[in-house]
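A.B. asks: no FASTA, just this:
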């Protein structure tokens, strides 16, 4: 009888640990979907003021070969910001070949970044009601195009 009681306690402890682990995984997934895994709906005609959209650009690619997209939000004011953002730069053969060690190589996670800072909707932001055309950085070229390094 005593062994059976210990078995039931062990099973209960494992069930509790499994439940806590599952809750943590779900919480982490939700947090990631609200941040770095966030994606906006694809623009296709009608837009809602204040809502962010991905704008696919036919044949545009990030430097890693993945699909690239611009980002758009229609504001309620008749003012526009063309927002170039991202990070890093490729200025030599070494930095070009090193890719993500020196610059953003994809637009992954940049939807989340666009809606922060000057793109945020906080009351203190003087640009919160402006229209945004966002050009995420994903190639290390300072948005200057498909040049070649020799």
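C.D. replies: Happy to help now that I have it. All values reported here derive from a predicted model rather than from experimental measurement.

A.B. asks: all contacts plus neighbour counts: C-alpha atoms, from now on.
C.D. replies: Fine.

A.B. asks: so how far is residue 47 from residue 82?
C.D. replies: Counting by C-alpha to C-alpha, to the nearest Å, the separation of residue 82 from residue 47 is 18 Å.

A.B. asks: can you check residue 73 too?
C.D. replies: Going from residue 73 to residue 47 by C-alpha to C-alpha gives 8 Å.

A.B. asks: Please apply the same query to residue 138.
C.D. replies: Distance from residue 138 to residue 47, by C-alpha to C-alpha: 26 Å.

A.B. asks: Pick out whichever of those two has more residues nearby.
C.D. replies: residue 138 (29 against 13; other C-alpha atoms under 10 Å).

A.B. asks: these two touch, right, the more buried one and residue 85?
C.D. replies: No. With contact defined as C-alpha atoms under 8 Å, residue 138 does not reach residue 85; the gap is 9.2 Å.

A.B. asks: Mind naming the longest helix for this structure?
C.D. replies: Secondary structure assigned by DSSP state H gives helix 2-34 as the longest helix of the chain.

A.B. asks: which regions of this protein sit below the pLDDT cut-off?
C.D. replies: Regions of the chain meeting the criterion pLDDT under 70 cover residues 1-6, 32-38, 87, 145-150.
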